[in-house]
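Novice: Here's my sequence, what's the structure:
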Amino acid sequence: MTREEQKRRKELGRYLEARAKEEFKKYHLKKKDFVFYISRDGMFYSVSLFMNQDDISVSFCAKPFWVDDILWDILEMGSNREEPVSLRGVGAFTVRAEVRERKYEIEGLDFEGVDEIVDGAFGELVEMAGSYGERDFLDECGRIEYQREVIEVIVLIHNKEYEKVVEMCRSKRIGYFGDVGKEFSELAVEYLQKMGVMYEK
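Specialist: Got it, this is the predicted structure:
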């Protein structure tokens, strides 16, 4: 990358950040750090815009509140339910349920193009909040890449399929959130034991 290209990329990155901060209130969104979000009817919707080396990525997440609620119960962090709803978008101990992603090449992009990306992202988030519900999440969650196994365990617990949870957690190591001292797969089985859930040993 030439010095001129680096300069242009930095200018676009600064403009992207400034434009997003200017525009999000027009769409009745809320903002925390780099996440713009809406919560509605027990669902959390968010979008993040990132300037990468060669493109701008726009990442949409959507999840029912119970996804994080069950995670927090497993991690013994149930008090997080009392925290501001923005925690579901920026917290380290949350599920990042990315359901859509858009990428826009930087080459040939100008400020007007950045405007279109920002407006398109915020408009799509508003549309998603009006049309994408729990049933859509359940239909699509198996295709989510990041934290896929964590999400699968949480959905199984939500559906009360406890034997499948135990079978899955005992057959593979699920290591997300390991900085709480144990792997997620261990904590999920312990959570069921504490609940007194009956399943085949």
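
Novice: what about the host helix or strand of Lys7, average pLDDT?
Specialist: According to DSSP states H and E, Lys7 maps onto helix 3-23. Helix 3-23 shows a mean pLDDT of 91.

Novice: got the buried residues for it?
Specialist: Arg8, Arg9, Leu12, Gly13, Tyr15, Leu16, Arg19, Ala20, Glu23 (16 or more other Cβ atoms under 10 Å). Yep, even glycine has a C-beta here, placed from its N, CA and C like the rest.

Novice: How about stretch 109-123?
Specialist: For stretch 109-123, by 16+ other Cβ under 10 Å, it's Leu109, Val114, Ile117, Val118, Ala121, Phe122.

Novice: next one: stretch 170-182
Specialist: So, applying 16+ other Cβ under 10 Å, buried residues of stretch 170-182: Ile174, Phe177.

Novice: pull the CA atoms of it into CSV?
Specialist: Extracted in CSV, the C-alpha atoms of stretch 170-182 (Å, rounded to 0.1, in the frame of the first residue of the first chain):
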residue,chain,number,x,y,z
ARG,A,170,-18.9,-34.3,27.0
SER,A,171,-17.9,-35.2,23.4
LYS,A,172,-16.1,-31.9,22.6
ARG,A,173,-14.3,-29.1,24.4
ILE,A,174,-16.0,-25.8,23.9
GLY,A,175,-13.5,-23.2,25.1
TYR,A,176,-15.1,-19.8,24.8
PHE,A,177,-15.2,-17.7,28.0
GLY,A,178,-12.4,-19.8,29.4
ASP,A,179,-11.1,-16.9,31.4
VAL,A,180,-13.7,-17.7,34.1
GLY,A,181,-11.6,-20.7,35.1
LYS,A,182,-13.3,-23.5,33.2
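
Novice: Identify the residues contacting it?
Specialist: Contact partners of stretch 170-182, identified using Cβ atoms under 8 Å, 6 or more residues apart in numbering, comprise 71, 75, 93, 147, 149-150, 153, 183-185, 187-190.

Novice: switch to 6 Å and redo it
Specialist: Leu75, Gln147, Glu149, Val150, Glu183, Phe184, Ser185 (Cβ atoms under 6 Å, 6 or more residues apart in numbering).

Novice: same thing with stretch 9-22?
Specialist: By Cβ under 6 Å, 6+ apart, the list of residues contacting stretch 9-22 reads Leu49, Met51, Phe111, Val114, Val118.

Novice: Give me the subset of these lying in helices.
Specialist: Phe111, Val114, Val118 (DSSP state H).

Novice: and the gap between Glu101 and Arg88?
Specialist: According to Cβ to Cβ, to the nearest Å, Glu101 stands 19 Å off from Arg88.

Novice: Which of these two has more residues huddled nearby?
Specialist: Arg88 (26 against 12; other Cβ atoms under 10 Å).

Novice: Pick out the residue closest to the middle of the protein.
Specialist: What sits nearest the mean C-alpha location of the chain, by Cα atoms, centre = their mean, is Arg96, with 2.6 Å.
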